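1. Pasting a predicted model and its sequence here:
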There are 2 protein chains.
Amino acid sequence: MGTISVPHDPTVFIVDDDESVRRSIEWLVGSVGLKAESFASARTFLDAFDPDRPGCLIVDMRMADISGLELQEWLMEHGATLPVIVMTAFGDVKTAVRAMKHGAIDFIEKPFNEQQVLELIQNSIAEDATRRQQDVDNRLVGESLKRLTPREREVLEFVVKGLSNKEIAREMGIVPKTVEVHRARVMEKMEARSLADLVRRFSLFQQRKG
Amino acid sequence: MGTISVPHDPTVFIVDDDESVRRSIEWLVGSVGLKAESFASARTFLDAFDPDRPGCLIVDMRMADISGLELQEWLMEHGATLPVIVMTAFGDVKTAVRAMKHGAIDFIEKPFNEQQVLELIQNSIAEDATRRQQDVDNRLVGESLKRLTPREREVLEFVVKGLSNKEIAREMGIVPKTVEVHRARVMEKMEARSLADLVRRFSLFQQRKG
DNA sequence: ATGGACTTTTGATCTAGATCAAGATATTGA
DNA sequence: TCAATATCTTGATCTAGATCAAAAGTCCAT
């Protein structure tokens, strides 16, 4: 079981080709004690991009080379779930809907209200944090599951369904005693201290992976 | 325990002040065997509106009197969760984002691609159906919870946390035997046939109501 | 106040699950 | 093939939970 560490404090990544906009958002973000990093293009942002760094991305829609929307779509396609706030002065329905449907957490129009933007940023960061925590939990459960033997996995399924050891034994064509041993191993490998624990973890895991 | 019945097959509710649009969508919807009901204004739709009827709503944004967006917002405010598809020929960022954030499942621009609209409608109906089923489940669990005595509720919390009866007894300052009785009553009132059942139901319930 | 309904509490008993230890079977790499 | 390892299986014993029945305390309405 490897240790999983959260690598950094949350960062607000700012991508805009207009330096004055970058500076103004930097200042805004810094004023509430959050860390900010600015990039003049999607390209330079992607070069530095590390999917493990928590926070949120605030990006201008219209930029030379790669647009904000394209950047957002690139991130989605590559499984990055960093919340994206898209800024624009020239939006239209299509792009807005496209951005929202592709996971942009919000859409803001310049000139923007500073207080609103701050709230958006803070909500985004919070969402990102909880999602990352869930991912970590899920990965741990997933790795525990991989350590189960076939028979143990079977038993787990039945246990979580609420069958008694006797019933499980009948289903599996073995004696209840054996089920108990498998069950104990499952509890141990899943690091569950109680049946309630086991059920909760496994159910959440099932739910979160379709 | 009252019986909860699903009142109808899913219906596509069409609200548009342009009769030709209504007819064309009606035809489209009918062509895949779905039931449609048309309304020439938000007003007439609301007069007939029954939150218990499943399906989806497809509404024009620009209409005299009450606009599609206002209708959508009215529905949200009144707790109606019917999926809403907003149609428009004159969208802009603000309204699109507003619609999306307020729960519109999608936004389409006239003239629309028939196949796309059909897919949207079918997805919306499916989402509505699963959401309604979850609501029913949740309500049943909620009503069972209301039947628990204070002491039973306490025990439930501890049980779901995975504490043993002995531990719960210590926490509550009573003898383990008593906990067992409360616990048995909880299982009975929650209609859980196993601990796994209980944990899964209660966890889902907790999760779905914040 | 008093009967009735509900809630909380407990004892004795029975069953199922956890824990101890370990044999049988299968799989794999030298 | 043979040893090593992993997996599957089981028995005996001990503990915790379920089930039987029921006393004591609370609350409400007549």
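-> Happy to help now that I have it.

2. Poorly predicted segments of chain A, please.
-> A:1-7, A:90-105, A:210 (pLDDT under 70).

3. Nearest residue to the residue nearest the centre of it in space, ignoring adjacent ones along the chain?
-> Most central in chain A under CA atoms, centre = their mean is A:Arg131, positioned 3.8 Å from the mean C-alpha point. In space, and not counting its chain neighbours, A:Arg131 is closest to A:Thr81: 6.1 Å by CB to CB, 6 or more residues apart in numbering or on different chains. In this view, the C-beta of every residue, glycine as well, is placed from N, C-alpha and C.

4. quick one: whichever residue of chain A sits closest to DNA strand D and chain B, what's the gap?
-> As assessed by CB to the nearest atom of the strand, DNA strand D sits closest to A:Thr149 within chain A, at 2.8 Å. Counting by CB to the nearest CB, to the nearest Å, the separation of A:Thr149 from chain B is 21 Å.

5. re the thing from before, name the element the residue nearest to the centre of chain A belongs to?
-> Taking DSSP states H and E as the criterion, A:Arg131 maps to helix A:114-146.

6. List the buried residues of that helix.
-> A:117-118, A:120-122, A:124-125, A:128, A:132, A:138, A:140-141, A:144-145 (16 or more other CB atoms under 10 Å in any protein chain shown).

7. same question, stretch A:35-52
-> Buried, per 16+ other CB under 10 Å, within stretch A:35-52: A:Ala36, A:Glu37, A:Ser38, A:Phe39, A:Ala40, A:Ser41, A:Ala42, A:Phe45, A:Phe49.

8. could I get the one helix or strand the second one maps to in PDB with only the CA atoms?
-> When you say that, I think you mean A:Glu37. Assigned by DSSP H and E, A:Glu37 falls within strand A:35-39. This file holds the C-alpha atoms of strand A:35-39, laid out as PDB (Å, rounded to 0.1, in the frame of the first residue of the first chain):
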ATOM      1  CA  LYS A  35      -1.700  31.200  -4.300                       C
ATOM      2  CA  ALA A  36      -1.800  32.100  -8.000                       C
ATOM      3  CA  GLU A  37       0.200  31.200 -11.100                       C
ATOM      4  CA  SER A  38      -0.200  33.000 -14.400                       C
ATOM      5  CA  PHE A  39       0.400  31.900 -17.900                       C
END
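
9. What residues does chain A have near DNA strand D?
-> A:Thr149, A:Pro150, A:Arg151, A:Glu152, A:Met172, A:Ile174, A:Val175, A:Lys177, A:Thr178, A:Glu180, A:Val181, A:His182 (CB under 7 Å from any atom of the strand).

10. mind checking the SS state of the last one?
-> Applying DSSP: H, G, I helix; E, B strand; the rest coil to A:His182 yields a three-state assignment of helix.

11. any idea how far DNA strand C is from the residue of chain A positioned farthest from its centre?
-> Farthest-out residue of chain A from its mean C-alpha position, per CA atoms, centre = their mean: A:Val175, at 42.8 Å. Noted for A:Val175: a distance of 11 Å to DNA strand C, by CB to the nearest atom of the strand, to the nearest Å.

12. How about that residue: what's its closest non-neighbour residue?
-> A:Ala169 (5.9 Å).

13. can you pull the contacts of that neighbour?
-> Applying CB atoms under 8 Å, 6 or more residues apart in numbering or on different chains to A:Ala169 gives the contacts A:Val175, A:Pro176, A:Thr178, A:Val179.

14. Let me know whether A:Met61 touches A:Thr88 as I believe.
-> Yes: in terms of CB atoms under 8 Å, A:Met61 counts as a neighbour of A:Thr88; the distance is 3.8 Å.

15. what's the neighbour count on the closest residue in space to A:Lys161 that isn't next to it in sequence?
-> Once flanking residues are discounted, A:Lys161 sits nearest to B:Ala196: 6.6 Å by CB to CB, 6+ apart. The tally of other residues near B:Ala196 (other CB atoms under 10 Å in any protein chain shown) stands at 22.

16. so what does the strand or helix carrying B:Ala196 touch, helix or strand wise?
-> Using DSSP H and E, B:Ala196 sits in helix B:195-208. Counting contacts by 3 or more CB pairs under 8 Å, 6 or more residues apart in numbering or on different chains; DSSP states H and E, helix B:195-208 packs against helix A:150-161, helix A:195-208, helix B:114-146, helix B:150-161, helix B:176-189.
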